[in-house]
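Engineer: Fold the stuff below for me.
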Amino acid sequence: IWIYGWLWSGFTVRGYDAVIVPRDGRPFQHMVSAWKPSLVCQPGLGNDEKRYLIHKYKETIPFPVPRINTLRPWTDRIFGGSYHRVVRGPENLKYYTVTGEDFKEYYSRLGIPEQNIFITGNPNYEHLIHSALQAPLGHDDLMEFGIEINKNDKAFVFFSSHLSFSEQQLATLKTYIESLEKYYGDLSFILKIHPRMTVEAKNELITWAQTFSRANIHILSELKGDENNMKLIQFCEATCVESSNVGVLAAWLEKPLLVIDLDQKGYDVDNLFCLFDGVLDIRNLDEIEERLSRAKMPQVIEAQNNMVNHISKKLESPNQKIVDVLNS
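Structural biologist: Predicted structure coming up:
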């Protein structure tokens, strides 16, 4: 496979001036980016990047060095050249784009020359800033998602990554919703569920939603893509997340982010968003109302903007920045 890969990659890149890959830690991406000047574009928050944030802000884990897990270490070392190294390929021919300041620091500490690392923001968010400047959605616009919300309701959305919910998790979520209802008044709560959730789990959710006396619960499954997520976030009063990367998009759009915890693991458990001071952390059920009452939204948004600069810088055109790196 290695021999075929080197032949294939060398044949593929002939005649091109540069190569762009989303990462270089996989065999074929490593090979195709080793022949020509290459740009490795960090596409978002990977596990190593998240672990670096925890290392930097909490110091509860050691510095995370990316590792290649392989069953054939000697074969890969012989045929893969620098495949096992953190900085792969000829250093003067490799360039990296990252989404925020903290990751430029991380890649630099891994041994990549600082002049070869560029902050571009998240290329997945291209054009979203232009859409965000357009008129926000109204109640009638949500009909395209199959949602009908009362005119006087305050709407909240929870982007869930659970494939199913335990009874305890649903009980905790109900407590969160009732606490928000107590604080904000009439409430519509949109639960954006995982697309791979089973029919049985969905039916259990529908039954659970009928147990609310006042709050209107809307279960949404057919919604894909950052642009649709953005529309939903913009319409709602705030976005609830546990650890979903959609929270970065909500902060990027300057919408309040409410960090919750259905498993009630406690404040000691590291959470990406709670690493940054000022982000609205309501994980403790006993402190929700007190924390909401203390929260001044301008300061919350300012704290979120600080987080965005560190992990996913807001730029008008991330992809244009990548083109500028290629030109230079």
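Engineer: how about the strands of the chain, start to end?
Structural biologist: Remark: strands assigned in the chain by DSSP state E are 19-21, 38-41, 94-98, 117-119, 154-159, 187-192, 216-220, 238-241, 257-259, 280-281.
Engineer: Poorly predicted segments of the stretch 1-150 of the chain, please.
Structural biologist: 130-144 (pLDDT under 70).
Engineer: Quick check: nearest residue in space to the spatially most central residue of the chain, chain neighbours excluded?
Structural biologist: Nearest residue to the geometric centre of the chain (C-alpha atoms, centre = their mean): Asn245, 2.1 Å. Nearest non-adjacent residue to Asn245, counting by C-beta to C-beta, 6 or more residues apart in numbering: Leu45, 5.6 Å away. Placement of C-beta: from N, CA and C, glycine included.
Engineer: mind checking how far stretch 216-223 is from the chain centre?
Structural biologist: 20 Å (C-alpha atoms, centre = their mean, to the nearest Å).
Engineer: what does the average pLDDT come to for it?
Structural biologist: Averaged across stretch 216-223, the pLDDT comes to 83.
Engineer: Surely the residue nearest to the centre of the chain and Pro43 touch.
Structural biologist: No - contact criterion C-beta atoms under 8 Å: Asn245 and Pro43 do not qualify, at 10.9 Å.
Engineer: Minimum distance to Asp324: which of the strands of the chain has it?
Structural biologist: Of all these, strand 117-119 sits nearest to Asp324, with 8.3 Å by C-beta to C-beta.
Engineer: Helices of the stretch 101-250 of the chain, start to end?
Structural biologist: Applying DSSP state H, counting those that start in this stretch to the stretch 101-250 of the chain gives helices spanning 101-109, 128-132, 167-184, 199-209, 226-235, 246-252.
Engineer: Can you give me the first-to-last residue distance of stretch 9-23?
Structural biologist: One end of stretch 9-23 sits 15 Å from the other (C-alpha to C-alpha, to the nearest Å).
Engineer: Return the distance of His127 relative to Glu316.
Structural biologist: 10 Å (C-beta to C-beta, to the nearest Å).
Engineer: Please apply the same query to Val323.
Structural biologist: 13 Å.
Engineer: isn't Val325 right next to Phe118, touching?
Structural biologist: Yes - counting by C-beta under 8 Å, Val325 does reach Phe118; the two are 4.9 Å apart.
Engineer: Could you name every residue contacting both of these two?
Structural biologist: Residues touching both Val325 and Phe118 (C-beta atoms under 8 Å, 6 or more residues apart in numbering) are Tyr95, Thr97.
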